[in-house]
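S.K.: Sequence below, structure please.
(2 chains)
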Amino acid sequence: DIRMTQSPASLSASLGETVNIECLASEDIYSDLAWYQQKPGKSPQLLIYNANSLQNGVPSRFSGSGSGTQYSLKINSLQSEDVATYFCQQYNNYPLTFGSGTKLEIK
Amino acid sequence: EVQLVESGGGLVQPGRSMKLSCAASGFTFSNYGMAWVRQAPTKGLEWVATISYDGSSTYYRDSVKGRFTISRDNAKSTLYLQMNSLRSEDTATYYCTRVAGSFGDYFDYWGQGVMVTVSS
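M.R.: Numbering: from 1, shown residues only, chains lettered A, B, ... in the order given. The predicted structure follows:
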């Protein structure tokens, strides 16, 4: 199974700041990576797919990058509505696997 | 508007069975692969099973293989998950998800989730 190691586990940042969340795959996943946002009490929502493609309707302050085994999600100009837990997911191979999540809070 | 509405969850004893349903609307159901993803209380996300657009191919995580069966009825735009021999570790919220398309098995729409509690 491909292991997805996500960091940090939690993050506190101020409004307007830029934050980065990292995801490390245990083997090359050839950019088959998605990022999801899960707000408290809600279902996850797709933010990014193919490592760097923005899902329709997602604000442009979200961006993804990376290749091989290392990927990151960047949130520019942090807003209060960005408080959520963020998950990465690889879909290069079954079983599909998720990172353990990063809980983002506002300082 | 794409909608995925799960039903069929609840409390079940270990070793018993339960069947989840997911009613889909707002898109051509028969054109998309579908999947179930679960989330144990206060835990992360865990993929459970995927079914191809026509039902000809299915994929499962090892821990549910032989116990769970994913299926679909394209005429009814409904996805199912038959869960047998349930264990306490199957306790989770189960999400019905739409596979985004031919680009890969990521999920562009999620249902609201249905809770399954396995306990005596």
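
S.K.: Look at the closest residue in space to A:E17 that isn't next to it in sequence and report its pLDDT.
M.R.: Excluding the flanking residues, the one nearest A:E17 by CB to CB, 6 or more residues apart in numbering or on different chains is A:L78, at 4.9 Å. Quick note: C-beta positions are derived from backbone N, CA and C, even for glycine. pLDDT for A:L78: 97.

S.K.: now swap in B:G101 and tell me
M.R.: 70.

S.K.: Tell me, how many residues neighbour it?
M.R.: 14 (other CB atoms under 10 Å in any protein chain shown).

S.K.: measure stretch B:36-53 end to end?
M.R.: Stretch B:36-53 has its terminal residues 14 Å apart, counting by CA to CA, to the nearest Å.

S.K.: Can you give me the buried ones in that stretch?
M.R.: Applying a neighbour-count criterion of 16 or more other CB atoms under 10 Å in any protein chain shown, one finds B:W36, B:V37, B:R38, B:Q39, B:L45, B:E46, B:W47, B:V48, B:A49, B:T50, B:I51, B:Y53 buried in stretch B:36-53.

S.K.: what's near enough to touch B:N74?
M.R.: The neighbours of B:N74, taking CB atoms under 8 Å, 6 or more residues apart in numbering or on different chains as the test, are B:F29, B:S30, B:D54, B:G55.

S.K.: mind redoing it with 6 Å?
M.R.: B:F29, B:S30 (CB atoms under 6 Å, 6 or more residues apart in numbering or on different chains).

S.K.: ok, now B:S25?
M.R.: Counted by CB under 6 Å, 6+ apart, B:S25 has contacts B:Q3.

S.K.: 10 Å instead?
M.R.: B:E1, B:V2, B:Q3, B:L4, B:V5, B:S77 (CB atoms under 10 Å, 6 or more residues apart in numbering or on different chains).

S.K.: do A:K39 as well
M.R.: Contacts of A:K39 by CB under 10 Å, 6+ apart are A:Q45, A:E81, A:D82, A:V83, A:A84, A:T85.

S.K.: Specify which member of these is nearest to A:T5.
M.R.: Nearest to A:T5 out of those is A:T85 (CB to CB; 15.9 Å).
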